[in-house]
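In: Give me coordinates for this.
(one chain, ligands or ions: 2)
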Amino acid sequence: MSGEETLTLKPVARVEGEVNVPGSKSLSNRALLLAALASGETVLTNLLDSEDIQHMLTALRALGVEYQLSDDKTECAVKGLGGRFTHSEPLELFLGNAGTAMRPLCAALALSDVDVVLTGEPRMEERPIGDLADALNDAGADIRYLKQTGFPPVAIKGKTLKGTTLSVEGSVSSQFLTALLMAAPLFDGDVTITIKGELVSKPYIDITLDTMAKFGVAVQNDAYQAFHIRAGQQYQSPGRFMVEGDASSASYFLAAGAIKGGTVRVTGVGKDSVQGDIHFADVLEAMGATINWQPDAITVTGGPLQGVDMDMNHIPDAAMTIATTALFADGPTTIRNVYNWRVKETDRLHAMATELKKLGATVEEGRDYIKVWPLANPDEVAIDTYNDHRVAMCFSLIALSNASVTINDPGCTAKTFPDFFTRFATICR
Ligand SMILES: O=C(O)C1=C[C@@H](OP(=O)(O)O)[C@@H](O)[C@H](O)C1
Ligand SMILES: C=C(OP(=O)(O)O)C(=O)O
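Out: Ligands and ions are numbered 1, 2, ... in the order given. Now for the predicted structure:
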């Protein structure tokens, strides 16, 4: 939970070491939902223990899903319902600011036998859900906006819906398509989903399809333009489901290695990962770092870094880490095609530009890009984090310069990485 504290990180002379990153947020919440809908019991291992996952777990429990969590909360045995949710009493589920809980639960509950209101933190009320809810309502669902049209909170009266063709906007968030894909087996008949506009954050769809396949549901993917899910498929427990380490969480350690010239090895995620954010390492390589790929680990050795100019739509979360890494490069760096940074935990394009400027950096904030010039000697300032875990984690890299950096509200990393600062300290010498 976030609060008002601050944390000052002193200048770090050297980085070196190995970090095992916690489980992936994206995989944890997908696997929990599919395990709940599946027939049979699923044992999830290496589950992430963070706020976003707690929101999914709390919601599932309220919906009548039985599960047993280990003491350290990284192993969870889920008794599958073998189909849609059923709950006779009206429910209100609070989902914090977890997009991976709000969007997928909205779709699955619209097709269940429930009467539910989904709410969240104030910022969640500013994060769009209209493209998803409207696609479902066009197919006959009953989802109403309780405050602002197109945004949570939403009231859902679940229904059985016949197989159909749904059309969903792709340019705001891939989570809308993810939500429809995961809910597709709950329709009574064949489902086709077509995409309007340019699909953003595409690799997250691969995570969705891979997780669905592990739970026994096949999707025909026509070049990310149309997806077909045949009727009669039901989620089946794979028995055990091992959650990979979080590739976005790995980015901060990999960047530290790249910036500071030491060698940093991240374990739990590697070249065999299904997560698109591993391609953050390719950006570091393009900037001049040396990357060594293992099936389950990534090692980076730093060197002089050069700025790059790249489309980073495929790695929207890890790309934020490039914005602070750019300060340590030779020449400017441009992160392009990240308009949807503006609809995440905060307006990330504006937040990153504002905080980088506080350090004394030269920054250009465009509608859908940010350009950052190198900065030899950052000013010693306090960084506002806007209740955005990634702003807090990205700016910890400033301690790799000759300046201290103060992070306001460091507790906001609890959304995806509660002990980030402790683990970060283990590679700082
Ligand atoms: O599906 C997912 O697990 C996610 C998709 C991405 O969101 P968008 O599709 O909204 O870009 C990403 O930023 C988010 O952290 C997790
Ligand atoms: C955008 C993010 O979260 P969410 O899953 O809430 O969309 C994120 O973790 O960077």
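In: Which parts of this structure are helices?
Out: Counting by DSSP state H, one finds helices in the chain at the ranges 25-37, 51-62, 99-110, 130-138, 174-183, 203-214, 247-260, 280-287, 319-325, 348-358, 389-395, 420-427.
In: Mind putting these into JSON lines with distance to residue 164, mean pLDDT and mean neighbour count?
Out: Where C-beta positions appear, they are placed from N, C-alpha and C, glycine not excepted. Conversion of those to JSON lines gives the following (distance: least, CB to CB, whole Å; pLDDT from 0 to 100; neighbours: other CB atoms under 10 Å):
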{"stretch": "helix 25-37", "distance to residue 164": "19", "mean pLDDT": "99", "mean neighbour count": "27"}
{"stretch": "helix 51-62", "distance to residue 164": "26", "mean pLDDT": "98", "mean neighbour count": "21"}
{"stretch": "helix 99-110", "distance to residue 164": "13", "mean pLDDT": "98", "mean neighbour count": "27"}
{"stretch": "helix 130-138", "distance to residue 164": "9", "mean pLDDT": "98", "mean neighbour count": "21"}
{"stretch": "helix 174-183", "distance to residue 164": "11", "mean pLDDT": "98", "mean neighbour count": "27"}
{"stretch": "helix 203-214", "distance to residue 164": "19", "mean pLDDT": "98", "mean neighbour count": "20"}
{"stretch": "helix 247-260", "distance to residue 164": "34", "mean pLDDT": "98", "mean neighbour count": "29"}
{"stretch": "helix 280-287", "distance to residue 164": "38", "mean pLDDT": "98", "mean neighbour count": "22"}
{"stretch": "helix 319-325", "distance to residue 164": "35", "mean pLDDT": "98", "mean neighbour count": "28"}
{"stretch": "helix 348-358", "distance to residue 164": "35", "mean pLDDT": "98", "mean neighbour count": "21"}
{"stretch": "helix 389-395", "distance to residue 164": "37", "mean pLDDT": "98", "mean neighbour count": "29"}
{"stretch": "helix 420-427", "distance to residue 164": "43", "mean pLDDT": "98", "mean neighbour count": "17"}
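In: residues touching the residue nearest to residue 417 when sequence neighbours are not counted, list them.
Out: Using CB to CB, 6 or more residues apart in numbering and skipping the chain neighbours, the partner closest in space to residue 417 is residue 249 (5.2 Å). Applying CB atoms under 8 Å, 6 or more residues apart in numbering, we find residue 249 in contact with 21-22, 393, 416-417, 420.
In: 7 Å instead?
Out: Residue 249 sits next to 21-22, 416-417 when contact means CB atoms under 7 Å, 6 or more residues apart in numbering.
In: ranking those residues by neighbours, who comes first?
Out: Each of these was scored for neighbours by other CB atoms under 10 Å, and residue 416 scores highest at 28 neighbours.
In: That one reaches residue 52, doesn't it?
Out: Yes: at 6.0 Å, residue 416 and residue 52 qualify as touching, with contact defined as CB atoms under 7 Å.
In: Identify the contacts common to those two.
Out: When contacts are counted by CB under 7 Å, 6+ apart, the set common to residue 416 and residue 52 consists of residue 25.
In: residues from the stretch 251-400 of the chain in reach of ligand 2?
Out: If contacts are counted using CB under 6 Å from any ligand atom, the residues of the stretch 251-400 of the chain sitting beside ligand 2 are 317, 344-345, 390.
In: Inside strands: which ones of the residues you listed?
Out: Where those are compared with strands, as defined by DSSP state E, there is no overlap at all.
In: By neighbour count, which of the residues you listed wins?
Out: Ranked by neighbours (other CB under 10 Å), those are led by residue 390, which has 32 neighbours.
In: check contacts around that residue.
Out: Contacts for residue 390 (CB under 7 Å, 6+ apart) come out as 317, 320.
In: Same check on residue 355?
Out: Here residue 355 is in contact with 383-384, 391, 395 (CB under 7 Å, 6+ apart).
In: Please tell me how far it sits from ligand 1.
Out: Residue 355 sits 19 Å away from ligand 1 when distances are taken as CB to the nearest ligand atom, to the nearest Å.
In: what does residue 94 give?
Out: Plainly put, residue 94 is 19 Å away from ligand 1 if you go by CB to the nearest ligand atom.
In: Just give me the neighbour total for that residue.
Out: A count of neighbours around residue 94, defined by other CB under 10 Å, yields 17.
In: what's the answer for the one 4 residues further on, then?
Out: Other residues lying near residue 98 total 26 when counted by other CB under 10 Å.
In: hmm, back to that, what's the farthest-apart pair in the residues of the stretch 251-400 of the chain next to ligand 2?
Out: 317 and 345 (10.1 Å; CB to CB).
In: Quick check, pLDDT for the residue lying closest to residue 66 once chain neighbours are set aside.
Out: What sits nearest to residue 66 in space, not counting adjacent residues and going by CB to CB, 6+ apart, is residue 79, at 4.3 Å. Residue 79 carries a pLDDT score of 98 in this model.
In: what residues are up against residue 79?
Out: For residue 79, the contacting residues are 41, 66-67, taking CB under 7 Å, 6+ apart as the criterion.
In: Name the nearest residue to the residue of the stretch 1-150 of the chain found nearest ligand 2, ignoring sequence neighbours.
Out: Scanning the stretch 1-150 of the chain for the residue nearest ligand 2 gives residue 99, at 2.7 Å (criterion: CB to the nearest ligand atom). In this structure, residue 99 finds its nearest non-sequential neighbour in residue 175, 5.3 Å apart by CB to CB, 6+ apart.
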